[in-house]
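only geometry, no sequence info:
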């Protein structure tokens, strides 16, 4: 889970893993790891979710945390256009060092964007996009399931699958 | 220091030390505390633990640490803080060390350090979020006001055009006077519209930081001279003299931390203000001088000055005009204040030595 600070990465994980949401913003320090199970590829897949502290002037995302990642979730705040630029900047840096990794992009806080009549941010090409709300739960399971499917279909995952 | 004392000390600091015996296997240098038991796995060998099987984070960090240890150099690598909700509510950090051919792993419980960082970062990020939200609101407001004000300005252009045409006709003296008055009212309205637009643009700019280069930093002396020249024609009509007095100790160019266009507007506002209040056949003086670490620009007139009762509201938004001048929105001096303050300067009023008003502002000299 990567993106600018306060885009809702931790809230999305809480919503997905525990089904809860709180409006209070509590910044993540370092890395927070949670686990969840989704149905994908005709079976169940365990996701180990690394929720990385957001990128801003005070903190730069440590890309070394991403080595070995099977999938990436870029998170954007739909009400703050600048957070899309942060996500795309991170994507460029990651692809330079790690190459292509199965990824999705979540335009979070879509409930607030609707209230404020914000123009919808355009999803970048080649990234499956989901308009999510950690508050209402909209599209949250679908986004993680899509990531699991993409991850299973990637060449790296094919190599790691146990043989029958 | 006896080894047992050192172990007690490290244990009290919530730091668990292991010596690496083989890839992925570590000998505990003292009994493993409860908080650390969730992170490591016992092996068949007493006091030797496998690291990286229970904790996803440590498993990842071990790959980096093994590469570091295998490189054979002395040094330390740090994992950063992590939290693993399935194992513990505590926060941890690990270090891989290599000294004189021996390799160590330190695992620390860092709840206090986590709290310390949280207490710094959380309010700082809240403040950034609030500032971003405020900037977005200002932007929306600015767009709305621009639209409204432009809509107000469009018919005005038509009106002044028609009045100009009317003035070319042969009119009776009474009608000519009325057309002149209508033109004067239109000019005042145009000034009001310009001031409203300037204030909104300055309020939005106040949320951004000022970035200058030697090429963009304005020369206060040149801007003041240009402003005096521009107001001179209007002054001549009223037989008012204008003069720029520059302290010889000021350098040339005299670069200041400001923006040229807005600085020109500040001078224009202060000079227009002086022109409105100065009696005919007197003088308006613009003075530039050093004032401590600042450079002060002062616009002085020989008018009646500002009454005591008006002083406290002088630079506030929509301040009532001193002397009740018609057609003033009370935005000119407000614009000057928020703009000068954004540049790190100050603005104020004092009675002029000649008995009139002296409006001054102080700017920092430009420092690359």
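Sure, I can see it. Keep in mind it's a predicted model, so treat the numbers as computed, not measured.

for residue 13, give me its contacts.
No chain was given, so I picked chain A. With contacts defined as C-beta atoms under 8 Å, 6 or more residues apart in numbering or on different chains, residue A:13 is in contact with A:1, A:32, A:34, A:49, A:51. Any C-beta I mention is one placed from the backbone N, CA and C, and that applies to glycine too.

the intended chain is chain B.
residue B:108.

near chain B, which of the contacts of residue A:13 show up?
Residues of those in contact with chain B (C-beta under 8 Å from any C-beta of the partner chain): A:32, A:34.

residue B:241 against residue B:286, yeah?
No: the pair residue B:241 / residue B:286 is not scored as a contact, 11.8 Å apart, by C-beta atoms under 8 Å.

now do residue B:47: how many residues are near it, please.
By the criterion of other C-beta atoms under 10 Å in any protein chain shown, residue B:47 has 14 neighbours.

to clarify, my last question referred to residue B:129.
Residues lying near residue B:129 (other C-beta under 10 Å) number 15.

in what helix or strand does it lie?
Per DSSP states H and E: residue B:129 is located in helix B:111-167.

repeat for residue B:10
Per DSSP H and E, residue B:10 falls inside helix B:3-12.

what's the average pLDDT for that helix?
Across helix B:3-12, the average pLDDT comes to 78.

which of the residues in that helix are buried?
B:7, B:10-11 (16 or more other C-beta atoms under 10 Å in any protein chain shown).

next SSE downstream of that helix?
Heading C-terminal from helix B:3-12 (DSSP H and E), you reach strand B:15-22.

now do that following strand: which elements does it pack against?
strand B:25-28, strand B:48-51, strand B:102-109 (3 or more C-beta pairs under 8 Å, 6 or more residues apart in numbering or on different chains; DSSP states H and E).

go ahead and name everything in contact with the helix-or-strand element of chain B with minimal mean pLDDT.
Every helix and strand in chain B was compared by mean pLDDT, DSSP states H and E; the lowest is helix B:3-12, with a mean of 78. Helix B:3-12 has contacts (C-beta under 8 Å, 6+ apart) with B:16-17, B:29-31, B:33.

mind putting the residues you listed into TSV with neighbour count?
Output for the contacts of helix B:3-12, formatted as TSV (neighbours: other C-beta atoms under 10 Å in any protein chain shown):
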residue	neighbour count
B:16	28
B:17	20
B:29	17
B:30	16
B:31	11
B:33	15
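
need the residues you listed in TSV with pLDDT, can you?
What follows is the contacts of helix B:3-12, written out as TSV (pLDDT from 0 to 100):
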residue	pLDDT
B:16	94
B:17	93
B:29	91
B:30	90
B:31	89
B:33	90
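
now for those, which pair is the farthest apart?
B:29 and B:33 (12.2 Å; C-beta to C-beta).

need the three-state assignment for the closest residue to residue B:83 other than its chain neighbours.
Using C-beta to C-beta, 6 or more residues apart in numbering or on different chains and skipping residues adjacent in sequence, the residue nearest residue B:83 is residue A:32, 4.6 Å away. Here residue A:32 is strand, with the state taken from DSSP: H, G, I helix; E, B strand; the rest coil.

report the beta-bridge partners for residue A:32.
residue A:51, residue B:83 (DSSP bridges).

contacts only, for it.
Residue A:32 neighbours (C-beta under 8 Å, 6+ apart): A:10, A:13, A:50-51, B:82-85.

I'd like to know which of the residues you listed are buried.
A:10, A:13, A:50-51, B:82-85.

of these, closest to residue B:292?
Relative to residue B:292, the closest of these is residue A:10; by C-beta to C-beta it sits at 49.1 Å.

what residue is smack in the middle of chain A?
residue A:73 (2.4 Å; C-alpha atoms, centre = their mean).

quick one on the thing from earlier: the helix holding residue B:129 - contacts with which helices or strands?
By 3+ C-beta pairs under 8 Å, 6+ apart, helix B:111-167 packs against strand B:91-99, helix B:173-205.

quick check: pLDDT value at residue 32.
In the absence of a named chain, chain A is used. For residue A:32, the predicted pLDDT is 96.

not quite, I wanted chain B
91.

now it. Nearest residue, chain neighbours left out?
residue B:16 (6.2 Å).

hmm, back to that, check the offset of the helix holding residue B:10 from the chain's centre.
Mean C-alpha position of helix B:3-12 versus that of the full chain (C-alpha atoms, centre = their mean, to the nearest Å) differs by 50 Å.

would you agree residue B:330 falls within a helix?
No: assessed with three-state DSSP, residue B:330 is coil; it does not lie in a helix.

from chain A, how far out is it?
32 Å (C-beta to the nearest C-beta, to the nearest Å).

and that residue, how far is that from residue B:269?
Residue B:330 sits 12 Å away from residue B:269, going by C-beta to C-beta, to the nearest Å.

between those two, tell me which one has more neighbours.
residue B:269 (23 against 17).

OK, contacts around the more buried one?
B:332-333, B:335-336.

most neighbours among those, please name it.
Highest neighbour count within those: residue B:332, with 25 neighbours (other C-beta under 10 Å).

not counting sequence-adjacent ones, nearest residue to that residue?
Using C-beta to C-beta, 6+ apart, the nearest residue to residue B:332 is residue B:269, at 4.3 Å.

in the helix or strand harbouring that neighbour, what counts as buried?
Using DSSP H and E, residue B:269 falls within helix B:260-277. Across helix B:260-277, burial judged by 16+ other C-beta under 10 Å covers B:262-267, B:269-271, B:273-275, B:277.

now that helix: mean pLDDT?
The pLDDT scores in helix B:260-277 average 90.

packing partners for whichever helix or strand comes after it?
Beyond helix B:260-277 on the C-terminal side, the first helix or strand identified by DSSP H and E is strand B:283-291. Secondary-structure packing of strand B:283-291 (3+ C-beta pairs under 8 Å, 6+ apart): helix B:220-237, strand B:241-246, helix B:260-277, strand B:294-300.

quick check: mean pLDDT of the first one?
Taken as a whole, helix B:220-237 has an average pLDDT of 90.

same thing with stretch B:183-194?
Mean pLDDT, stretch B:183-194: 82.

run the chain-centre distance for it.
Relative to the chain's own centre, stretch B:183-194 is displaced by 32 Å; criterion: C-alpha atoms, centre = their mean.

repeat for stretch B:74-90
Centroid displacement of stretch B:74-90 relative to its chain, using C-alpha atoms, centre = their mean, is 37 Å.

can you check stretch B:212-221 too?
Remark: stretch B:212-221 is offset 19 Å from the chain centroid, using C-alpha atoms, centre = their mean.

so how far does it reach from one end to the other?
Taking C-alpha to C-alpha, to the nearest Å, stretch B:212-221 runs 18 Å from one end to the other.

return the residues of chain B in contact with chain A.
Checking chain B against chain A by C-beta under 8 Å from any C-beta, the hits are B:56-57, B:60, B:63-64, B:80-86, B:91, B:93, B:114, B:117-118, B:121-122, B:124-126, B:128-129, B:132.

put the buried members of these into a PyMOL selection.
Here is the PyMOL command that picks out the buried ones among these, judged by 16+ other C-beta under 10 Å:
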select buried, chain B and resi 56+57+60+80+81+82+83+84+85+91+93+114+117+118+121+125+132
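
isn't residue B:222 right next to residue B:253, touching?
Yes: with contacts counted by C-beta under 8 Å, residue B:222 reaches residue B:253, the gap being 6.8 Å.

now do the contacts for the closest residue to residue B:61 other than its chain neighbours.
Nearest non-adjacent residue to residue B:61, counting by C-beta to C-beta, 6+ apart: residue B:79, 4.7 Å away. Residues near residue B:79 by C-beta under 8 Å, 6+ apart: B:57, B:61, B:93-95.
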